[in-house]
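>>> Any chance you can model this:
(one chain, ligands or ions: 2)
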Amino acid sequence: MIAEELRSTPQRRAVLEVVQHAQDHPTAAEVLERVLEVLPGVGAATVYRSLAMLVESGQILELRLGPSAATRYDRNVENHDHLVCDQCGRLADVQVGLDPTELLNAVSSHHDFQVSGFDLRIHGRCADCSSATSPRRSTHA
Ligand SMILES: [Zn+2]
Ligand SMILES: [Zn+2]
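Residues are numbered from 1 along each chain as shown. Ligands and ions are numbered 1, 2, ... in the order given. Purely as a prediction, here's the structure:
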């Protein structure tokens, strides 16, 4: 059976490739921008639908950072943690290596909540943003 939804269209392949080659965690709008560079004329709806399908099939991850922040997409589907820049919203992958099992068990029993997963976000300011707010003195060469 060849379900329409499962067929890998050129558009979907392009979307997957864009996310997999991204060094950052692009938003849907950024993915669209990059797909348009390889497939000019592709529709925004097609790209957004492809993103949703790739998330559903587990090929990429969707990151929601709060109600007001744009959803970002992650090529790294392994369990990993993130550094979040509060200034520019940039995300970087980081492996903290914490084992939260004990903590999660405690939370689970205290709040009568069944934990299904855990991810850590460390907030702060990225190198670009911290150098922008504390500019280096210009030296006369
Ligand atoms: Zn930043
Ligand atoms: Zn990530």
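>>> what does this structure put close to ligand 1?
With C-beta under 5 Å from the ion as the criterion, the chain meets ligand 1 at residues Cys85, Gln87, Cys88, Arg90, Cys126, Cys129. From N, CA and C alone the C-beta is placed, and that goes for glycine too.
>>> 6 Å - rerun?
Cys85, Gln87, Cys88, Arg90, Arg125, Cys126, Asp128, Cys129 (C-beta under 6 Å from the ion).
>>> Closest to Leu103 out of those residues?
Cys85 (25.3 Å; C-beta to C-beta).
>>> Farthest pair within the residues of the chain next to ligand 1?
The distance between the two most remote of the residues of the chain next to ligand 1 (C-beta to C-beta) is 9.7 Å, for Arg90 and Arg125.
>>> what touches both of those two?
Any residue near both Arg90 and Arg125 by C-beta atoms under 8 Å, 6 or more residues apart in numbering counts here, and not one turns up.
>>> Identify the residues contacting the residue lying closest to Cys126 once chain neighbours are set aside.
Residue nearest to Cys126 in three dimensions, not counting chain neighbours: Cys85, with 3.9 Å by C-beta to C-beta, 6 or more residues apart in numbering. Counting by C-beta under 8 Å, 6+ apart, Cys85 touches Leu91, Gly124, Arg125, Cys126, Cys129.
>>> List the beta-bridge partners for Cys85.
Here Cys85 sits in beta bridges with Gly124, going by DSSP bridges.
>>> Likewise for Asp81?
Taking DSSP bridges as the rule, Asp81 bridges to Val94.
>>> List, one by one, the residues from this structure near ligand 2.
Within the chain, the positions lying close to ligand 2 (C-beta under 6 Å from the ion) are His25, Asp74, Asn76, His80, His82, Asp93.
>>> so the fifth one sits right up against Ala92, yeah?
The one in question is His82. Yes: in this structure, His82 is within contact of Ala92 by C-beta atoms under 8 Å, at 6.7 Å.
>>> Looking at the two, which one has more neighbours?
His82 (21 against 15; other C-beta atoms under 10 Å).
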